[in-house]
Each structure stands twice: as C-alpha cells, then as structure tokens.
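> how would this look folded up:
(one chain, ligands or ions: 1)
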Amino acid sequence: MNRKEKRMETSMIHGGKHSDEFLRSLSMPIFQTSTFSFQNASEGERRFSGEEEGYIYTRLGNPTVKALEERMAVLEGGEKGLAFASGMAAVSAVLIALTKANDHILCSNGLYGCTYGLLTTLKEKYNIQHDFSLMETEEELRDRITDSTACLFIETPINPTMKVIDLRMVAKVAGEYNIPVVVDNTFCTPYLQRPLELGCDIVIHSATKYIGGHGDVIAGLVVGKKDFMDELAMNEQKDIGGVLSPFDAWLLIRGLKTLHIRLDRHSSSAGKIAKYLKHHPLVNEVYYPDIESPNLKGQMSDGGGVLAFDIEGGKEEAHQVMDQLKLIKIAVSLGDAETLIQHPASMTHAVVPEEERKKMGIGDNLIRLSVGLESVDDIWEDLEQALNAGAGKKKRT
Ligand code: MET
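Below you'll find the model as predicted:
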C-alpha cells in the first residue's frame with residue numbers, strides 16, 4: 001500500500017513506518033535506549049562510515065523518533081522529517097543551516113518572541129541581519145529582498161496577531177531569486193495548511209502545541225527536501241544535538257492520531273468565540289483568520305483554534321480581565337485541551353522591544369486565546385463574565 005496516497009486523517013494514524021517491523025505491535029514501541037550495540041567492531045566501523053545502515057546512538061537516530069519523522073513527512077507532503085527537542089531547537093537548527101555570517105533573513109511582520117530573540121543573537125554574534133516585510137504584495141516583497149537574503153522566515157497565521165500571508169505569492173517571488181522559504185506551521189498543522197504544496201521549501205513546527213495536543217511535551221519538527229534534511233540531520237541536528245527523546249516522540253505519535261478531530265473542534269469553537277467577542281461592547285477588535293479572503297485561495301481549510309482580541313484600555317485592564325477567569329487558565333502555549341489565555345506584550349512577546357511590538361500590531365491591550373476542547377458555552381460564559389467583571393468594572397468607574 002502506498003501510504004502517501006491515503007487521505008490526511010488516515011495518514012495521521014498510519015502514515016510512515018509500518019508496525020509489522022515491531023512484532024505487529026499496534027502502538028509504536030518506545031525504544032528507550034541511548035545506544036545500540038554492534039555485533040562486532042567492524043559493524044560499528046561500517047555504520048559510522050555510512051557504508052551500512054543501522055542505528056548507532058539515539059542522538060544520531062532512534063526507531064521511535066524515526067517513526068514520528070516519517071509520519072510528519074507524509075503529512076506535510078515532504079521528502080523527509082526530523083524531530084527536535086523543542087520548536088526553538090528546530091527553528092535555530094534551520095536558521096543556522098541556511099545562513100552564514102553577514103547574511104540577511106527576511107521575516108513576516110511578526111514573529112514569536114523567542115524566534116525574535118534568536119534573530120537578535122544571530123545579528124549580534126554573526127552580523128546576520130533581519131528585516132520584516134508585510135508580504136502583502138509582490139512589489140513590497142521584492143523591495144525588501146537584498147543580495148544577502150539567505151531565506152524568508154514566515155509565520156502564518158502570525159503569532160499572536162493572526163495575520164495570514166499568501167504563501168503561493170511569497171513562494172513565487174522567492175523562487176525568482178532562488179531563496180528558500182521557511183514556514184512556521186505551528187498554528188495550522190498540516191491538517192489545515194500544507195506550505196510545501198504551495199511552493200514553500202521548509203516547514204517548522206512547535207509540536208508542543210496541536211501535534212502533541214495535551215500540554216505534556218516540548219518538541220519541534222522540520223520537514224523539507226531530502227538533500228537539505230540530510231545535511232540538517234548530519235550537521236545541526238547531530239552536532240548541536242537538540243534531539244527529541246523517544247518517549248516524547250511516542251507522545252507525539254499518539255497526539256497525531258486524534259489531531260484532525262481535535263482541530264475540527266478547536267476551529268469550530270474558536271470561530272464561535274470570535275463571533276461572540278465581536279459583539280461584546282468592551283472588545284475593540286477581534287483577530288481570527290478569514291479563510292475566505294480572496295488572496296488565500298483556499299490556503300487554509302479552517303481557521304484553527306487561536307484568536308486574539310483588543311480590549312478597551314491597556315496592560316492593566318488586560319491583566320484585570322485575565323485575573324477574573326475561573327475556568328480558562330492563564331498560561332503561554334496553545335493547542336491544548338484546556339483553553340489558555342495570555343497577554344503577549346508582557347508574556348510571549350515581552351522580549352520584543354515595545355517599538356517593534358507596536359509595528360507588529362501587538363498593543364498592550366491585546367490578549368491571545370487558545371480555544372480548548374471544553375464546551376464552547378462554558379468557555380464563553382467564563383470569558384464573558386471576566387470581560388464584564390474586569391474591563392467592565394474599570395469602564396463604568
Ligand atoms: C515561553 S513563551 C511561549 C511559548 C509559545 N511559543 C507560545 O507562543 O505560547
């Protein structure tokens with residue numbers, strides 16, 4: 001059976017490694033081992049030289065981790081996947097692989113705070129410059145590309161402003177200059193958006209979020225073309241060494257099996273909450289992807305589970321609303337069964353200087369919500385009472 005031909009929901013459960021290899025175990029076994037012994041010294045030598053395939057040491061490869069990597073490659077429609085110890089381990093490995101000193105990285109107009117922090121480090125240490133582009137038109141994008149641009153790094157939807165970028169347009173322009181396009185697909189997962197099919201080159205995930213889905217693992221994933229991924233495995237993954245543990249890989253394999261069902265519910269609940277919020281008098285603006293927008297041409301199959309909104313006031317009012325919540329947890333992260341709320345300006349994006357934050361559209365009154373799997377009515381009841389008790393109290397006085 002050619003598993004690549006199966007539909008997405010089936011591939012989430014069966015894609016990649018065939019379990020027949022492991023005593024027909026239905027669930028992928030956890031190879032909780034640091035190393036693999038050789039039958040003799042010559043076998044060890046052959047494996048190290050690459051003359052013979054086989055496991056050596058878990059930092060260099062592990063069957064449980066490989067099963068996850070193969071499944072992700074199938075789901076993203078890529079040639080090869082690699083797993084990392086965190087989303088940031090994946091981002092840093094890819095950016096280090098694609099750049100050298102004095103290069104330039106062109107980014108979407110908004111990035112997760114730690115990705116921004118990494119770019120700052122690369123600039124300070126290796127003079128790798130970065131710029132932000134709205135990526136709304138071909139002209140503006142062309143203007144921002146320089147002779148030193150080594151890659152485009154894009155979040156879509158952007159964390160936390162939820163702005164979406166037309167990946168087909170970006171991939172077309174970048175292709176004219178032969179510049180690789182890297183997409184952080186964390187908010188969508190391949191179930192909602194497949195950047196490689198739209199012409200992009202490398203996909204990154206914080207698998208901590210929807211792929212894990214249960215708030216119990218920190219992990220990162222990368223999918224791309226075999227040549228690039230082989231280099232990434234041999235250099236940045238192996239030698240920097242931010243690899244995923246076999247147990248954490250197993251948690252992600254388990255998480256993937258229900259990803260489609262979870263995301264259907266996350267999306268439908270988030271869509272409803274976005275609508276309710278739009279009608280709330282104390283909410284100024286709601287940010288949730290408009291998948292019907294003409295430039296997206298069906299790029300996203302659904303809106304996903306994250307939204308953001310501006311309330312009346314600033315940081316103090318935002319914190320006040322959050323402090324009134326009873327069911328919803330104040331926590332950074334997203335994609336969990338639990339609804340999570342956070343204040344980007346003082347939490348996930350606090351490291352971004354205020355001026356830069358404002359340019360990205362992250363005001364002090366912006367709140368991000370990751371809509372969980374609880375009853376949508378309970379989520380809304382909690383949010384509504386918190387808005388009324390927090391911001392409302394302030395407004396009335
Ligand atoms: C350590 S801060 C945040 C974690 C995660 N990337 C988020 O956006 O919530």
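
> which positions in the chain make contact with the ligand?
By Cβ under 6 Å from any ligand atom, the part of the chain that sits against the ligand consists of Tyr112, Asn159, Ser206, Val332, Ser333, Leu334, Thr348. For glycine as for every other residue, the C-beta is placed from the backbone atoms N, C-alpha and C.

> now do the contacts for the residue nearest to the first one when sequence neighbours are not counted.
By the measure of Cβ to Cβ, 6 or more residues apart in numbering, the closest residue to Tyr112 outside its immediate chain neighbours is Asn159, 4.7 Å from it. Asn159 is in contact with Gly110, Leu111, Tyr112, Asp184, Thr186, Phe187, Val306, Thr348, Arg368, counting by Cβ atoms under 8 Å, 6 or more residues apart in numbering.

> just to revisit the earlier point, who wins for most neighbours among the residues of the chain next to the ligand?
When neighbours are counted by other Cβ atoms under 10 Å, Ser206 leads the residues of the chain next to the ligand with 30 neighbours.

> nearest residue to the most centrally placed residue in the chain other than its sequence neighbours?
Relative to the mean C-alpha position of the chain, the nearest C-alpha, by Cα atoms, centre = their mean, is the one of Thr186, at 2.0 Å. Distances taken as Cβ to Cβ, 6+ apart put Ser206 closest to Thr186, at 4.5 Å, once the chain neighbours are dropped.

> Leu141 now?
Closest to Leu141 by Cβ to Cβ, 6+ apart is Val173, at 5.0 Å.

> counting neighbours, what do you get for the one you found?
Val173 has 20 neighbouring residues, counting by other Cβ under 10 Å.

> thinking it is in contact with Glu139, fair?
No: using Cβ atoms under 8 Å, Val173 is not in contact with Glu139; the gap is 9.4 Å.

> what are the C-alpha coordinates of stretch 122-140, in CSV please?
C-alpha atoms of stretch 122-140 as CSV (Å, rounded to 0.1, in the frame of the first residue of the first chain):
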residue,chain,number,x,y,z
LEU,A,122,22.4,35.9,15.2
LYS,A,123,22.8,39.6,14.5
GLU,A,124,24.9,40.4,17.5
LYS,A,125,27.2,37.3,17.1
TYR,A,126,27.4,36.8,13.3
ASN,A,127,26.1,40.1,11.8
ILE,A,128,23.2,38.2,10.3
GLN,A,129,20.7,41.0,9.6
HIS,A,130,17.0,40.6,9.6
ASP,A,131,14.1,42.7,8.3
PHE,A,132,10.3,42.5,8.5
SER,A,133,8.1,42.6,5.4
LEU,A,134,4.3,42.8,5.3
MET,A,135,4.4,40.3,2.4
GLU,A,136,1.1,41.7,1.2
THR,A,137,2.2,42.5,-2.4
GLU,A,138,4.9,41.1,-4.8
GLU,A,139,6.3,44.7,-5.2
GLU,A,140,6.8,45.3,-1.5
